[in-house]
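Q: Based on what follows, work out the 3D shape:
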Amino acid sequence: MKANKKIGDRIKQLRDSKSITITEMAERSGLDEKQIIKIEQAEDLPSLAPLIKIARVLGVRLGTFLDDNDNLGPTVTRKQQHDSKSVSFSTKDKTSHQHMDYYGLSSAKAGRHMEPFIIQIDSIEEGVDFVLSTHEGEEFIYCLEGVVEIKYGAETYLLEEGDSIYYDSIVEHHVHAAGEQCAKILAVVYTPL
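A: The predicted structure is shown next:
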């Protein structure tokens with residue numbers, strides 16, 4: 001099953017099981033009804049911020065949308081699995097957020113509070129104005145390859161290979177590859193329930 005469809009199906013299933021209508025979901029999350037419908041039908045998978053809002057309304061962790069099973073013990077993800085399954089949390093509209101492919105490193109772990117990802121970030125066109133996003137929680141980013149630019153509030157940070165940043169996600173931010181080269185990062189996202 002395509003990852004975007006799996007996430008859309010899980011959201012709809014959880015919403016239905018809690019008897020929450022699309023209208024109620026929109027009111028509680030602050031999202032547009034059309035956007036929620038597109039997410040559930042796998043037509044649109046947005047950045048993490050809307051998914052976190054949906055998870056909050058449903059009373060589940062963000063990882064619930066990506067879980068593969070209910071393993072409560074430790075899980076191991078082998079390096080060859082990093083490239084095998086990705087989820088894209090962006091649209092093709094580069095002015096809203098940069099296209100990124102997320103490779104989950106903990107989808108087999110049930111009950112987790114953090115979401116670790118390897119993220120492949122495509123290069124961007126020069127002069128793109130980014131729309132910053134905000135959500136509850138914290139993020140840790142470690143640059144594995146290339147150069148990453150993080151717009152965080154009024155500041156801009158450049159991370160080269162081996163550099164890292166840890167920040168509060170409630171501050172408006174945007175992560176993208178700097179310049180014309182692609183980049184790869186390890187990101188750990190924490191979102192409180």
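Q: Give me the contact list for the helix or strand hosting L144.
A: Taking DSSP states H and E as the definition, one finds L144 inside strand 138-145. Under the criterion C-beta atoms under 8 Å, 6 or more residues apart in numbering, residues 118, 148, 150, 159-169, 173, 175, 182-190 lie in contact with strand 138-145. Every residue, glycine included, has its C-beta placed from N, CA and C.
Q: Could you please name the strands the helix or strand just after that strand pairs with and the direction of each pair?
A: Going down the chain from strand 138-145, the next helix or strand is strand 148-152, by DSSP H and E. With DSSP bridges as the test, strand 148-152 is paired with strand 155-159 (antiparallel), strand 173-177 (antiparallel).
Q: Out of the ones you listed, which gets nearest to I11?
A: With C-beta to C-beta as the criterion, I11 lies closest to strand 173-177 of the strands paired with strand 148-152, at 23.5 Å.
Q: Which helix or strand lies directly C-terminal to that closest one?
A: Following strand 173-177 in sequence order, the next helix or strand is strand 183-190 (DSSP H and E).
Q: Buried ones in that next one, by neighbour count?
A: For strand 183-190, burial by neighbour count (16 or more other C-beta atoms under 10 Å) applies to 183-189.
Q: Same check on stretch 20-40?
A: Using 16+ other C-beta under 10 Å as the test for burial, stretch 20-40 gives 20, 25-26, 29, 31, 35-40.
Q: What sits closest to A108 if chain neighbours are left out?
A: Closest residue in space to A108, ignoring its immediate chain neighbours: T75 at 4.3 Å, by C-beta to C-beta, 6 or more residues apart in numbering.
Q: what about the one you found, how many neighbours?
A: 15 (other C-beta atoms under 10 Å).
Q: and it, that's in a strand?
A: No: residue state for T75 (DSSP: H, G, I helix; E, B strand; the rest coil) corresponds to coil; a strand is not indicated.
Q: So I37, which state does it fall into?
A: Put simply, I37 is helix when judged by three-state DSSP.
Q: Tell me the gap between the strand or helix carrying A49 and the middle of its chain.
A: Assigned by DSSP H and E, A49 belongs to helix 48-58. How far helix 48-58 lies from its chain's middle: 10 Å, per C-alpha atoms, centre = their mean, to the nearest Å.
Q: So what touches that helix?
A: With contact meaning C-beta under 8 Å, 6+ apart, helix 48-58 is reached by 7, 11, 14-15, 18, 20, 25, 28-31, 35-36, 39, 61-62, 64-65, 89, 133-137, 189, 191, 193.
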